[in-house]
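S.K.: sequence and predicted model, in that order:
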Amino acid sequence: MPDFDMDMRVTVQLPPNWRTLESEIKQATEIAARHVEAGAKDRIRGGVIPEDRAVDTGTTMGTINARRDDAEGLSWRIGPSTEYAPFIEYGTIYMRARPFMTPALETEAPRFVEAMRQLLNMLNQAPPGSVRLV
């Protein structure tokens with residue numbers, strides 16, 4: 001079976017003087033990554049939409065984790081490591097999709113963007129559209 005990367009990657013692009021608030025920005029980024037992890041686990045166990053429960057043994061849920069993707073702590077990877085996780089997320093011709101990663105990220109993204117905007121406003125560097133997830 002070919003490799004399929006199920007991880008969601010969150011990377012923040014910041015203005016040059018971001019280091020003034022480095023610890024706060026790193027903390028907000030980690031909090032957002034942990035919220036996506038928790039949200040995905042909650043969704044796969046059916047805590048958000050009971051009919052979307054996708055747990056038989058709990059293996060996929062147990063492998064969902066958030067981990068730093070760079071030395072700075074500004075890029076995080078969140079996702080499961082079971083080879084069949086994409087089938088749960090996207091479905092197959094035999095079973096309907098029961099998304100857990102995408103909705104978790106979509107739920108957290110506005111809160112994260114707002115947290116970054118507030119921090120950057122402290123630097124007086126946040127014109128509209130200056131905070132982006134890539």
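M.R.: Received, thanks.
S.K.: where along the protein do the helices fall?
M.R.: Under the criterion DSSP state H, the chain contains helices at 22-44, 59-63, 85-90, 101-122.
S.K.: right, so of these, which gets closest to Asp70?
M.R.: When the helices of the chain are compared by Cβ to Cβ, helix 22-44 sits nearest Asp70, at 10.4 Å. The C-beta positions use only the backbone N, C-alpha and C, and glycine is treated the same way.
S.K.: which strands and helices lie in contact with the closest one?
M.R.: The contact analysis (3 or more Cβ pairs under 8 Å, 6 or more residues apart in numbering; DSSP states H and E) places helix 22-44 against strand 8-11, helix 59-63, strand 65-68, strand 75-79, helix 101-122.
S.K.: please work out which of these is packed deepest.
M.R.: Greatest average neighbour count among the helices and strands packed on helix 22-44 goes to strand 75-79 (a mean of 21), per mean count of other Cβ atoms under 10 Å.
S.K.: and that one, which strands flank it?
M.R.: strand 8-11 (antiparallel), strand 65-68 (antiparallel) (DSSP bridges).
S.K.: lowest average pLDDT across these?
M.R.: Lowest mean pLDDT of those: strand 8-11, a mean of 67.
S.K.: could you give the number of residues near Thr82?
M.R.: Counted with other Cβ atoms under 10 Å, the neighbours of Thr82 add up to 17.
S.K.: check it and give its pLDDT.
M.R.: Note for Thr82: predicted pLDDT of 89.
S.K.: give me the low-pLDDT residue ranges for the protein?
M.R.: The model of the chain has pLDDT under 70 over residues 1-12, 47-49, 52, 55-56, 124-134.
S.K.: residue furthest from the geometric center of the protein?
M.R.: Tyr94 (27.4 Å; Cα atoms, centre = their mean).
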